[in-house]
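J.: with the input below, show me the fold.
(chains A, B, C and D)
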2 protein chains.
Amino acid sequence: MNGANGPAQLCAHCTLLRCVMHNAAFCSELSDDEREKLNSIAHLRRFPKGATILAEGEEAGIVGNVIEGVLKMQKTQPDGRQQIVGLLVPTDMFGRVFTGTSDFAIEAATDVTLCCFDKRRFEALVLEHPRLEHQVMLSILDELDAARDWITLLGAQTVAQKLAGFLLMLCRRWPAIGCGLSPDRRHVEIHVPISRADLAQYLGTTVETISRTVQALARSGLIEVVTPTQFIVIDLKGLIAASGNEDFDPATILQCVKSAS
Amino acid sequence: MNGANGPAQLCAHCTLLRCVMHNAAFCSELSDDEREKLNSIAHLRRFPKGATILAEGEEAGIVGNVIEGVLKMQKTQPDGRQQIVGLLVPTDMFGRVFTGTSDFAIEAATDVTLCCFDKRRFEALVLEHPRLEHQVMLSILDELDAARDWITLLGAQTVAQKLAGFLLMLCRRWPAIGCGLSPDRRHVEIHVPISRADLAQYLGTTVETISRTVQALARSGLIEVVTPTQFIVIDLKGLIAASGNEDFDPATILQCVKSAS
DNA sequence: CGACCCCTTGAATTAGATCAAATAAAGTGG
DNA sequence: CCACTTTATTTGATCTAATTCAAGGGGTCG
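T.: Sure, this is the predicted structure:
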């Protein structure tokens, strides 16, 4: 499961341009000097969909950023079932800084491009540069928020609530990859970046139930299923009501969508 | 909902002795100078069970450590249901450093003693002391691990698995409060620090189902229910098998229990 | 002693899992 | 470009686990 290694220069592009573009990755707030040092230990790597980036229990030698695509963090249960414990999208960090082995495998949910650092060298650099460390910390805080949002999702009593909540979370949390305006520019369009099977694992249910629930949401007029991975939101308020989560509000969602268009 | 304020000296006791004892809170790795500065902005506060420490959506002015007792982070749904998104036990930090308002309320699940810092002053101190910041970061990483462990729990398909997993997590993650040796010193004894209602919210189910599942575990000979909050583990291997999580192993659990006794 | 809270138990109902199969989409190789 | 294989998604029927509604015990506290 090897991805092709790219020269470090390409990653200069990544940390300098791409991350600034996304305006969220830890490299956007650094001095030129700090960025340069980061680039000197960075490698751009690509992995095809399904590739294992880090195996479960493996001593992780690398950490890094997602540049493009989606990673899934998952855990294999003794019965063979797999539970996804986190998704990582562009600008998110992957790998465990300053801690031991991970209990989770990291796999490519789509074709991905990653900006990788040797873990030890990255940590050494971080310890020398408090500002860099601060950025790393903010990144971790962000992951913690994501984890808690998701716990809220999993706590929902019905699959319909989980699914509606997930779709709205896609818009709010990952507008760049998760949503946009429909062709007629009058509705929100949602792009689901993972398969039904992954979605089922993510929400702790089965493919069949996911499928049924998607169709049910469509039948009740809340969404329209354009392709299996492309929905148009017909009734945003209704979808929010269906999620049973009062934190979502139409204005914020629309704002996120616009920021992505 | 006011707790009694304690003088800063008491908290000197906390950050100097208590946290070192627990050997996990961020203050155990600091220099005397750093500790002293921390103490100068610290306040010891007590809250009774049920008290709201931070309301949902409130701009949190304080952050701090749990010294004694258990806090629950929860979210109130529009339908009135409450979902617990996290438990905080001694040495855990609460509140949001460097980020805005929280979407979660923080409530005392038991009577609690907290070591509180003014958020702004704490942040200022952290920015000046990279080593302190590093400790805060490790603390956040720890919370992230806890969140992911828990996501694994919530992803389990049956309530029995969730419950067994929760009991084992109590031992592994919070040995000091969650477990010990039984009076005859031959079995692991588990102390559940929260009510059945909280447990139900924590695992995304109902009080009735929790009660039934506890009794079912007891009937199948895995545990013995001494009091509603006190169980004795009769068959550790069986309990692990029931959790369906291969990460738990008898040796590690026993080691955790011994460290707590 | 009565009121209240928490835990437990029972019976009826329902949502979701499971088993099974059809349809649709996406590659593959000639 | 088309037949063919493979994979992903949808639909149906059945069955099980969990929710819901309802009520009964066992504490604690005023």
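
J.: buried stuff in stretch A:44-53?
T.: Of all the residues in stretch A:44-53, those buried under the rule 16 or more other CB atoms under 10 Å in any protein chain shown are A:Leu44, A:Arg45, A:Arg46, A:Phe47, A:Ala51, A:Ile53. (Each C-beta comes from the backbone N, C-alpha and C, glycine too.)

J.: run the angle between the helix ranked longest in chain A and helix B:130-155 for me.
T.: Determined from DSSP state H, the single longest helix within chain A is helix A:130-155. Here the directions of helix A:130-155 and helix B:130-155 differ by 20 degrees (axes from the mean of the first three to the mean of the last three CA atoms, to 10 degrees).

J.: after helix A:130-155, heading C-terminal, what element do we hit next?
T.: helix A:159-173 (DSSP states H and E).

J.: could you export that next one as CSV, CA atoms only?
T.: Extracted C-alpha coordinates of helix A:159-173, given in CSV (Å, rounded to 0.1, in the frame of the first residue of the first chain):
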residue,chain,number,x,y,z
VAL,A,159,-31.5,7.0,12.1
ALA,A,160,-33.4,9.8,10.4
GLN,A,161,-32.1,12.2,13.0
LYS,A,162,-28.6,11.0,12.6
LEU,A,163,-28.7,11.2,8.9
ALA,A,164,-30.3,14.7,8.8
GLY,A,165,-27.8,15.8,11.4
PHE,A,166,-24.9,14.4,9.3
LEU,A,167,-26.0,16.2,6.2
LEU,A,168,-26.2,19.5,8.0
MET,A,169,-22.9,18.9,9.7
LEU,A,170,-21.4,18.4,6.2
CYS,A,171,-22.5,21.9,5.3
ARG,A,172,-21.5,23.6,8.5
ARG,A,173,-18.3,21.9,9.2
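
J.: please state the offset of that helix from the chain centre?
T.: In terms of CA atoms, centre = their mean, to the nearest Å, the centre of helix A:159-173 is set 14 Å apart from its chain centre.

J.: what pLDDT, on average, does the helix or strand that comes right after it get?
T.: Using DSSP H and E, the helix or strand that follows helix A:159-173 in sequence is helix A:175-178. The average pLDDT within helix A:175-178 is 86.

J.: may I have the strands that pair with the next helix or strand after helix A:175-178, each with its orientation?
T.: Sequence order places strand A:179-181 as the next helix or strand after helix A:175-178, per DSSP H and E. Under the criterion DSSP bridges, strand A:179-181 sits next to strand A:188-191 (antiparallel) in its sheet.

J.: got the buried residues for the strand it pairs with?
T.: A:Val188, A:Glu189, A:Ile190, A:His191.

J.: what about that strand, near DNA strand C?
T.: No: contact of strand A:188-191 with DNA strand C (CB under 7 Å from any atom of the strand) is absent, the minimum separation being 13.1 Å.

J.: what's that strand in contact with?
T.: A:167, A:170-171, A:177-183, A:223, A:226, A:229-233, A:236, A:253-254, A:257 (CB atoms under 8 Å, 6 or more residues apart in numbering or on different chains).

J.: run the contact check for it versus DNA strand D.
T.: No: with CB under 7 Å from any atom of the strand as the criterion, DNA strand D is not reached by strand A:188-191; the gap is at least 12.2 Å.

J.: quick one: mean pLDDT over that strand.
T.: Strand A:188-191 shows a mean pLDDT of 94.

J.: so what touches the helix or strand just after it?
T.: Next along the chain after strand A:188-191, taking DSSP H and E as the criterion, comes helix A:196-203. Helix A:196-203 is contacted from outside by A:72, A:74, A:81-84, A:87, A:109, A:153-154, A:159, A:162-163, A:166, A:192, A:194, A:206-207, A:209-211, A:228, B:155, using CB under 8 Å, 6+ apart.

J.: if any of the residues you listed are buried, put those into a PyMOL selection.
T.: Selection of the buried residues among the contacts of helix A:196-203 in PyMOL, burial being defined by 16+ other CB under 10 Å:
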select buried, (chain A and resi 72+74+82+83+84+87+109+153+154+159+162+163+166+192+194+210) or (chain B and resi 155)
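
J.: quick check, the longest helix of chain A touching DNA strand D?
T.: No: using CB under 7 Å from any atom of the strand, helix A:130-155 stays clear of DNA strand D, coming no nearer than 10.4 Å.

J.: nearest to DNA strand D, of the buried residues of stretch A:44-53?
T.: Distance to DNA strand D across the buried residues of stretch A:44-53 (CB to the nearest atom of the strand) is lowest for A:Ala51, with 13.7 Å.

J.: distance of that closest one relative to B:Lys119?
T.: According to CB to CB, to the nearest Å, A:Ala51 stands 42 Å off from B:Lys119.

J.: now do A:Asp145
T.: Taking CB to CB as the measure, A:Asp145 and B:Lys119 are separated by 17 Å.

J.: flag every residue of chain A that's near DNA strand C.
T.: A:Gln157, A:Thr158, A:Val159, A:Ala160, A:Gly204, A:Thr205, A:Thr206, A:Glu208, A:Thr209, A:Thr213, A:Thr227, A:Pro228.

J.: in the residues you listed, find the pair that's most separated.
T.: A:Gln157 and A:Thr227 (29.3 Å; CB to CB).

J.: of those two, which one has the most company?
T.: A:Gln157 (15 against 8; other CB atoms under 10 Å in any protein chain shown).

J.: would you confirm that that one contacts B:Gly204?
T.: Yes: contact criterion CB atoms under 8 Å: A:Gln157 and B:Gly204 qualify, at 7.3 Å.

J.: which SSE is the closest residue in space to A:Gln215 that isn't next to it in sequence in?
T.: Residue nearest to A:Gln215 in three dimensions, not counting chain neighbours: A:Val225, with 7.5 Å by CB to CB, 6 or more residues apart in numbering or on different chains. Using DSSP H and E, A:Val225 sits in strand A:223-227.

J.: remind me what that strand packs against, helices and strands.
T.: The criterion is 3 or more CB pairs under 8 Å, 6 or more residues apart in numbering or on different chains; DSSP states H and E, and the helices and strands that strand A:223-227 contacts are helix A:207-219, strand A:230-233.

J.: so which of those is the most packed in?
T.: Comparing the helices and strands packed on strand A:223-227 by mean neighbour count (mean count of other CB atoms under 10 Å in any protein chain shown), strand A:230-233 ranks first with a mean of 20.

J.: run me through the strand neighbours of that strand, direction for each.
T.: If you go by DSSP bridges, strand A:230-233 pairs up with strand A:188-191 (antiparallel), strand A:223-227 (antiparallel).

J.: gap between the first one and the chain center?
T.: With CA atoms, centre = their mean as the basis, strand A:188-191 stands 16 Å off its chain's centre.

J.: only alpha carbons, please: show that strand as PDB.
T.: What follows is strand A:188-191, C-alpha atoms only, in PDB (Å, rounded to 0.1, in the frame of the first residue of the first chain):
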ATOM      1  CA  VAL A 188     -28.500  24.000  -1.200                       C
ATOM      2  CA  GLU A 189     -26.800  21.000  -2.800                       C
ATOM      3  CA  ILE A 190     -25.100  18.400  -0.600                       C
ATOM      4  CA  HIS A 191     -22.300  16.200  -1.800                       C
END
